[in-house]
Structures are given as structure tokens and as C-alpha cells.
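Enquirer: What follows is a predicted structure for the sequence shown.
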Amino acid sequence: MKETKVLFLDDEENVRNSLRRMFADEAYGAAIAGNCAEAMDILSREKIKVVLSDQRMPDISGVEFLHRVKAQYPDMVRILFTAYADLSAAEQAINISEVFRFINKPWHPEELKAAVVGAMYHYDLVMENRQLFEAAKTKNEELQLANCKLKILYDIQKEFSSTLSHELRTPLASIKAAIDIVISGTAGEPTAEQKNFLGRAKDNVDRLNRLINDILDLAHLESGKVSLNARSGDINKTIQSVAQTQEAVARAKGLYLKVSLDPAVPNLAFDSDKIIQVLNNLTSNAIKYTESCGITVSSLPRVQENHLEVRVQDTGHGIKPEDMAKLFEKFQQLGDPSQRKHGGTGLGLAICKEIIRQHGGQISVESKQGQGSSFYFILPIEERRQR
């Protein structure tokens, strides 16, 4: 049995008979009513999508009827028939009943059928859009709830990491002190083999201590508890200072470390200690992963873009494309762990990223395997730090 989707209201019997014949073979069902009460009864029983009403009827006008339909069934598409050039009715139909369109009588059968199909398509499209909107709204609410839960878990994790790191510091200090006492011979001269084992233990204690310090640094930065002590200054002097400190390390490995500083770099607001931490991290990494030639640290003002660029470029073996996305994530170390030559906490670049972000800048890398890597960060010349 056909599902009734269209309702026609017309008080003229010959028009109703004509409509019955016209829509008898359509895939959808069409209900025909001769008065308002009959039409409203059909609307209450059937899943009507489109309502078409004649304007001139003895008991009620088409505009008034469609206004009732709008009040009770606002989603139904409303169409008004009129045989007269009645501008007042048209205005009322638009302002009061919000009709979908007008159809003049007498109508052409094919044009009327096309209008009905178009109205049903409009109804289906509106319903589909509403369902999509509701689904998107529900999904958005679910995402907001999930984000809220993640934030709570993340805050708990940060607090746990910070507390645990603080608690580990005291026993580690005691372990290191005990190892130093034994190595020094205060408690009796150790054998060469014992010194070797104790040296390894001390190295691992130092590594664990660095990891704890890095976790605390990152936790404090991300929590917002650490505020930047930003003052206007010459960043070239800071770069030069770091380079002088790291130059001896590079030279001991047979590498050069040179600076290329643009004298046109303007003074800008930055936290000297935090930027020194970033530069030390990038430079020591460059030395660590470079076997020949050396490292260049440069500064370059980009006044039109309102930022300064600081770059640490090495001549190392470069970074694999699949590893690039991992670089600034927490606890990420590149390469096969079984073949890794250099240890580390995997937090240094994550800390650098957070420090630069809080300065209102960005940090990134360019690299090709076999051609070295270039880590660089930009800082705003004018104030736009994260507060």
C-alpha cells in the first residue's frame, strides 16, 4: 500500500476528482480533502510531507488553513493554489503561512507533479540536514565531554609526574652520594672492577636525575606555574654566550661551531634563561649527532613578518622523513633502540617547543638524510607572548 505523502484541499468536487485521477499512478499516495476539518483529520493520521490548498473556499481561506498547518506541523511544505491575481493573499501567504510556492489555477498536470516532487525533495533535504545537525551536535557534545575527561586525566598525570619526580630526588641524591663515597675510597679502596661497576651506576643515576629534572621542567611549563621573566634585550649576545660555552664540546669532537649573527637584529622581549635552555639543547643535540664538519648558529630578522629567526644547522646524518613528526613529542627518541648510539630523556625538544610557544613563537626543523638538519625557532619582535 502506498504511503500517503501529499494532501490536497479544494472545495470543488470536479477539481478533487481531477487530482485523484492525476496522482493515481504515482509511487506516493495523495489524499484529497474537501474541507478544513477533513484535511486536519488526515494530517493527524498520515505522515504528510506536502500540503496544497486552494485559496478561495467557503469555510476558510487557504492562507488561514496553511497558517494552522504551520502552527501544528511546521515541517510540512505548504503550497497555495489561487485562480485570481490576489496580491493581498499572496502577501499574507508569505508573511503568515510561509508558503513554499504558489501555483495558479488552472494548472498544467506535469507542472503540478513536478512542483509536488520538488516540494517533497525539499522536505527530505530539510529533514536530512536536521538529522545531520543533531548528529553533529551530539558528536560535539560527546567530544567536549571526552576532552573534559582527557583534561582531567592529563592534569592528574601532570600532578602525579611532578609529585613522583620530587619524591625521587631525595633517594637519588642519597644513592649518588653513597656511590661517590665508595668511589673516592673513603670507605676502603675499591678494586678496578668495582670502580667500573660503580661508574656505570653513577652514570645511570645521573641520567635518571636528568630525566626527573626534565619531567619537572615540562610539568611546570605546561601547568602555567612558571611565568616568563621576559625583558627587552639583545638576543645575539645570548646566542654568542651559548656558542662560546658549547664550542669547547664541539672542538673536543673535532667539529667547528661558528656563529652568523645579523647585526640588524632588534632588541626584543625574551626570557634569557629559557632561551639559553633552548639554545643549549639544540646545539648539544647538533654536536651529538654530527660526526664531521660542524654546526652553525645564526640569527636573521624578518621585520615584515614581525619575527626573528634563530637557526642551529648541523652537517650530521639528517632525519628520516617518517621520524620528523615525532621530534617535538614527549619521550620520543629516533631510530632503532638497539642501534641507538646516543641516550637522552626524549623530553628536550618537547621542553623547547613549550618554551618557544610561551614566547608566542614556533619551533620547527628542516632535514634531509645525509645532508644534515636545521632546527630553527622564530620569536615575535613585537609582544604577542602566551600569558
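Expert: On my side now, so go ahead.
Enquirer: drop to CA atoms for contacts and neighbour counts, all remaining ones
Expert: Fine.
Enquirer: Counting neighbours, which bits of stretch 229-239 end up buried?
Expert: Using 16 or more other C-alpha atoms under 10 Å as the burial criterion, the residues of stretch 229-239 that qualify are 234, 235, 236, 239.
Enquirer: possible to save these as TSV with secondary structure and pLDDT?
Expert: Output for the buried residues of stretch 229-239, formatted as TSV (DSSP: H, G, I helix; E, B strand; the rest coil; pLDDT from 0 to 100):
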residue	secondary structure	pLDDT
234	coil	94
235	helix	95
236	helix	95
239	helix	95
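Enquirer: ok, which pair from the residues you listed is furthest apart?
Expert: Across the buried residues of stretch 229-239, no pair lies farther apart than 234 and 239, at 9.2 Å, counting by C-alpha to C-alpha.
Enquirer: on that earlier part again, of the buried residues of stretch 229-239, closest to residue 203?
Expert: residue 239 (29.5 Å).
Enquirer: I figured that closest one hits residue 278, correct?
Expert: No: assessed by C-alpha atoms under 8 Å, residue 239 is found out of contact with residue 278, at 10.4 Å.
Enquirer: Quick one: the helices in the chain, in order.
Expert: Counting by DSSP state H, the chain has helices at residues 13-23, 36-45, 62-72, 87-92, 109-184, 192-223, 235-252, 272-288, 348-358.
Enquirer: Packing partners of the fifth one?
Expert: What it means is helix 109-184. Packing contacts for helix 109-184, counted by 3 or more C-alpha pairs under 8 Å, 6 or more residues apart in numbering; DSSP states H and E, involve strand 50-54, strand 77-82, helix 192-223.
Enquirer: so which of the ones you listed is the most packed in?
Expert: Among these, strand 50-54 has the highest mean neighbour count (mean count of other C-alpha atoms under 10 Å), at a mean of 25.
Enquirer: what pairs with that strand, and is each one parallel or antiparallel?
Expert: Strand pairing for strand 50-54, using DSSP bridges, gives strand 4-9 (parallel), strand 77-82 (parallel).
Enquirer: list residues touching both of residue 234 and residue 239?
Expert: Shared contacts of residue 234 and residue 239, defined by C-alpha atoms under 8 Å, 6 or more residues apart in numbering, are absent.
Enquirer: just to revisit the earlier point, now the buried residues of stretch 229-239 in a markdown table, with distance to residue 201?
Expert: As requested, the buried residues of stretch 229-239 are exported to a markdown table (distance: C-alpha to C-alpha, whole Å):
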| residue | distance to residue 201 |
| --- | --- |
| 234 | 42 |
| 235 | 39 |
| 236 | 40 |
| 239 | 35 |
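Enquirer: What is the nearest of these to residue 140?
Expert: Closest approach between the buried residues of stretch 229-239 and residue 140, by C-alpha to C-alpha: residue 235, at 44.2 Å.
Enquirer: Return the residues in contact with that closest one.
Expert: 265, 267, 268.
Enquirer: Save the residues you listed as JSON lines, and put in pLDDT and neighbour count too.
Expert: Converted to JSON lines, the contacts of residue 235 look like this (pLDDT from 0 to 100; neighbours: other C-alpha atoms under 10 Å):
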{"residue": "265", "pLDDT": "92", "neighbour count": "19"}
{"residue": "267", "pLDDT": "92", "neighbour count": "14"}
{"residue": "268", "pLDDT": "92", "neighbour count": "19"}
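Enquirer: wouldn't residue 316 be in contact with residue 255 here?
Expert: No: using C-alpha under 8 Å, residue 316 is not in contact with residue 255; the gap is 10.9 Å.
Enquirer: what separates stretch 355-365 from the chain centre, distance-wise?
Expert: Here the centre of stretch 355-365 is set off from its chain's centre by 18 Å, with C-alpha atoms, centre = their mean, to the nearest Å.
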